[in-house]
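got a sequence here, can you build the structure:
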Amino acid sequence: MMVSVIFWGNSQSLFSGRHFQALLATPCRLAAVVDVPPTGQDSTNPLPAGLPNFVNTAHNLGIPALAPADPGDPGFLAQLRLLAPDLFLAAGYSLILKPPTLAVPRLAAVNFHASLLPEYRGKHPVFWTLRDGRRWAGLTAHRMNPGVDTGDIIYQVKVRTRRDDTVASLYDRIIARSVILVGRLVDDAKRGSIPRFPQPTGRDSYFSSIKEDDFRIDWHWPAEKIRRHIAMSPGQCFARVGRNRPRQRLFFSQAGTVKEATEGQPGAILKLGRSRCTIAAGEGALWIGRVRREGEKERSLASLCRRMGLEEGEILA
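Modelled structure (predicted):
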């Protein structure tokens, strides 16, 4: 039996694209692809510029490509039913599918979610896993139900996080482990033996969209927390600096904690080096290298401090 699959994803997400490529390499009948509407295409793992997305590939292969504003629309559901899919496979699709939509596939509607469910349900799980400094990340393939990532587990893979991980580097390792599950799922569907296990209780968590304020640095945090935030999202974390108001945002690209004993008010410049500055935190201190002020090119923090007339002992922000 050739399993008929409809793929659901985000055409601007590398996570979606890599799992779609794995599906293309799997013996099955790809009945259609479904993309999120443009307003839902934000991603912490964006598709690199110049790479074809799965919608383009589907068009080139003559596969129907759909992008409903509402996946529960009666007209869209009629289209899905005519395609007679055995399986939905979603990876990076961000809209919630309601019972009438979930009832369309003959065998199962399956979502690939980049966390160890029931932890980090919701949006951007890799981002939030790194923000919390967790030792383990991973992916869960689970049956979809009307809840948000609450369905029974089918497969799960664990990936060890690293101290220097960015969101992109951790996604890469998770994807490398999870793409093989696409072929496994199709094979199990063909045999009629897709596993299912209830999600564990008592350790569930849920996270939603990322806001601008989630990238704001607070110098009262421990130095390691500040370093981790900057390292995982280089060039995105910021603090407001300068003597004049409104203060400009300063975006940080490089940081590391320092071992020597330090004392100073959080945000104080403890040492102004040739290319780095040592800044006091709420606990410990950290060096900061490359930075970018709004509307300017990236430079070293040390050169920027000199340009702004800031000296050792003064408060950066």
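
show me what contacts Val126?
Applying Cβ atoms under 8 Å, 6 or more residues apart in numbering, one finds that Val126 lies in contact with Thr44, Asn45, Ala114, Ser115, Ala137, Val167, Leu170, Tyr171, Ile174. For every residue, glycine as well, the C-beta is placed using N, CA and C.

that one belongs to a helix, doesn't it?
Yes - with DSSP: H, G, I helix; E, B strand; the rest coil as the criterion, Val126 is part of a helix.

give me the pLDDT for Arg245.
Per-residue confidence for Arg245 comes out at a pLDDT of 61.

now do the one 10 residues further on
According to the predicted model, the pLDDT of Ala255 comes to 96.

also Asp86?
pLDDT, Asp86: 98.

neighbours of the residue nearest to Pro198 when sequence neighbours are not counted, how many?
Spatially, and ignoring its direct neighbours in sequence, Pro198 is nearest to Asp152 (5.7 Å; Cβ to Cβ, 6 or more residues apart in numbering). Applying other Cβ atoms under 10 Å, we find 16 residues neighbouring Asp152.

so what's Asp152 up against?
Contact analysis of Asp152 by Cβ under 8 Å, 6+ apart lists His142, Arg143, Arg196, Phe197, Pro198, Gln199.

can you put the residues you listed in CSV and add secondary structure?
Below are the contacts of Asp152 laid out as CSV (three-state DSSP):
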residue, secondary structure
His142, strand
Arg143, strand
Arg196, coil
Phe197, strand
Pro198, coil
Gln199, coil
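
out of those, who's nearest Gln79?
Gln79 has its nearest neighbour among these in Arg143, at 22.7 Å by Cβ to Cβ.

ranges for the helices of this structure?
14-24, 54-61, 74-83, 99-102, 125-131, 167-178, 180-191, 223-232, 301-308 (DSSP state H).

for those helices, which has the smallest mean pLDDT value?
Out of those, helix 301-308 stands lowest, with a mean of 91 (criterion: mean pLDDT).

which helices and strands does it pack with?
When contacts are defined as 3 or more Cβ pairs under 8 Å, 6 or more residues apart in numbering; DSSP states H and E, helix 301-308 packs onto strand 269-272, strand 277-280, strand 290-293.

thinking again about what came up before, give me the buried subset of the contacts of Val126.
Among the contacts of Val126, those classed as buried by 16 or more other Cβ atoms under 10 Å are Thr44, Asn45, Ala114, Ser115, Ala137, Val167, Leu170, Tyr171, Ile174.

dump the residue contacts of the residue lying closest to Pro68 once chain neighbours are set aside.
The shortest distance from Pro68 to any non-neighbouring residue, by Cβ to Cβ, 6+ apart, is to Phe76 (4.3 Å). For Phe76, the contacting residues are Leu66, Pro68, Asp70, by Cβ under 8 Å, 6+ apart.

picking up where we left off before, out of the helices and strands packed on helix 301-308, flag the one nearest Glu311.
strand 269-272 (6.8 Å).

parallel or antiparallel, list what pairs with the closest one.
strand 277-280 (antiparallel) (DSSP bridges).

and for the partner strand, what's in contact with it?
219, 258, 262-271, 285-288, 301-302, 305, 316.

go with 10 Å
Applying Cβ atoms under 10 Å, 6 or more residues apart in numbering, the external contacts of strand 277-280 come out as 217, 219-220, 223, 226, 239, 252, 255, 258, 260, 262-272, 285-289, 291, 300-305, 310, 312, 315-317.

tell me the buried residues within these.
Neighbour counting with 16+ other Cβ under 10 Å marks 217, 219, 223, 226, 239, 252, 255, 258, 262, 264, 266-272, 285-289, 291, 300-302, 304-305, 310, 315-317 as buried within these.

for the helices of the chain, give me JSON lines that also has distance to Gly147.
Shown next, in JSON lines, are those (distance: least, Cβ to Cβ, whole Å):
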{"stretch": "helix 14-24", "distance to Gly147": "21"}
{"stretch": "helix 54-61", "distance to Gly147": "26"}
{"stretch": "helix 74-83", "distance to Gly147": "20"}
{"stretch": "helix 99-102", "distance to Gly147": "11"}
{"stretch": "helix 125-131", "distance to Gly147": "15"}
{"stretch": "helix 167-178", "distance to Gly147": "21"}
{"stretch": "helix 180-191", "distance to Gly147": "20"}
{"stretch": "helix 223-232", "distance to Gly147": "28"}
{"stretch": "helix 301-308", "distance to Gly147": "45"}
